[in-house]
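Enquirer: One predicted model, sequence on top.
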Amino acid sequence: QKEVEQNSGPLSVPEGAIASLNCTYSDRGSQSFFWYRQYSGKSPELIMFIYSNGDKEDGRFTAQLNKASQYVSLLIRDSQPSDSATYLCAVNVNFNKFYFGSGTKLNVKP
Amino acid sequence: DTGVSQDPRHKITKRGQNVTFRCDPISEHNRLYWYRQTLGQGPEFLTYFQNEAQLEKSRLLSDRFSAERPKGSFSTLEIQRTEQGDSAMYLCASSLGGLDLNTGELFFGEGSRLTVL
């Protein structure tokens, strides 16, 4: 079992819609959870992180964490074509290693 | 710019040759990570350092791979006797390590793309 699982997609949404990206993790020792965006040929860049159960909002982005279900999600409101990228979920285990999922490719159609 | 820098950005080599990549982290970051990424996959953990100490190395990592961070600043990743399966993007990242949940962000370099012919 992989440490972090994501649906590879592609997930296609029309411009202005809400995109919902999901991630599950296996290690209950995971403390913090990250969403990175990666454009083709570029390195990952952090969108936001969360470590408490519930929702965390930052602009058009909302991260949701449910530790009991070992589930993390990212909602992107008012999706723009510039949001088209691969979204990587990452977890930090015991304040040491970071494990990444394989990423979900998002296509926002104008 | 004080971000993470990697060198070289691209490397083409023939099978069997040795290659070395360098990473300069953000200066105040004590943790440095190496990841490998192939097309359509997420970054795969290779190894990480806290200061000059190599704290963990992936079980999946062949003995042909070695990494150093001699003075707790820059790091090198060497691959000996390269194979075609080593072709990938090698990503370096650094962070402020610690027990503060707010210090865990990884800052990535632009990566070193390796092509083994």
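Expert: Arrived safely, thanks for sending.
Enquirer: hey, let's count contacts and neighbours off CA atoms from now on
Expert: Will do.
Enquirer: For the least confident helix or strand in chain B by mean pLDDT, list the C-alpha coordinates in CSV.
Expert: One helix or strand of chain B scores below all others by mean pLDDT, DSSP states H and E: strand B:53-57, with a mean of 90. Taking Å, rounded to 0.1, in the frame of the first residue of the first chain, the C-alpha atoms of strand B:53-57 are listed here in CSV:
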residue,chain,number,x,y,z
ALA,B,53,23.9,13.9,9.0
GLN,B,54,22.1,11.6,6.5
LEU,B,55,19.1,10.5,8.6
GLU,B,56,17.4,8.2,6.2
LYS,B,57,17.8,6.6,2.8
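Enquirer: what does the helix or strand following that strand contact?
Expert: Of the helices and strands lying after strand B:53-57 in sequence (DSSP states H and E), the nearest is strand B:65-68. Here strand B:65-68 makes contact (Cα atoms under 8 Å, 6 or more residues apart in numbering or on different chains) with B:47, B:52, B:54, B:75-80.
Enquirer: Let's see that with 7 Å instead.
Expert: B:75-80 (Cα atoms under 7 Å, 6 or more residues apart in numbering or on different chains).
Enquirer: For that strand, which strands pair with it and how are they oriented?
Expert: As defined by DSSP bridges, the strand partners of strand B:65-68 come to strand B:75-79 (antiparallel).
Enquirer: Centre of the chain to the partner strand, how far?
Expert: Distance, stretch centre to chain centre, for strand B:75-79: 7 Å (Cα atoms, centre = their mean, to the nearest Å).
Enquirer: residue contacts, A:I76?
Expert: A:18-20, A:60-62.
Enquirer: Let me see the backbone angles for the residue nearest to B:L117 when sequence neighbours are not counted.
Expert: Excluding its sequence neighbours, the residue lying closest to B:L117 (Cα to Cα, 6 or more residues apart in numbering or on different chains) is B:K14, at 4.9 Å. According to degrees, to the nearest 10, the main-chain angles of B:K14 amount to phi -90, psi 150.
Enquirer: What of B:Q84?
Expert: phi -60, psi -30.
Enquirer: low-scoring stretches of the chain, by residue?
Expert: Assuming you mean chain A. A:1 (pLDDT under 70).
Enquirer: Chain B was what I was after
Expert: B:1, B:97-103.
Enquirer: Centroid-nearest residue for it?
Expert: Chain B has B:W34 as the residue nearest its centroid, 2.7 Å off, counting by Cα atoms, centre = their mean.
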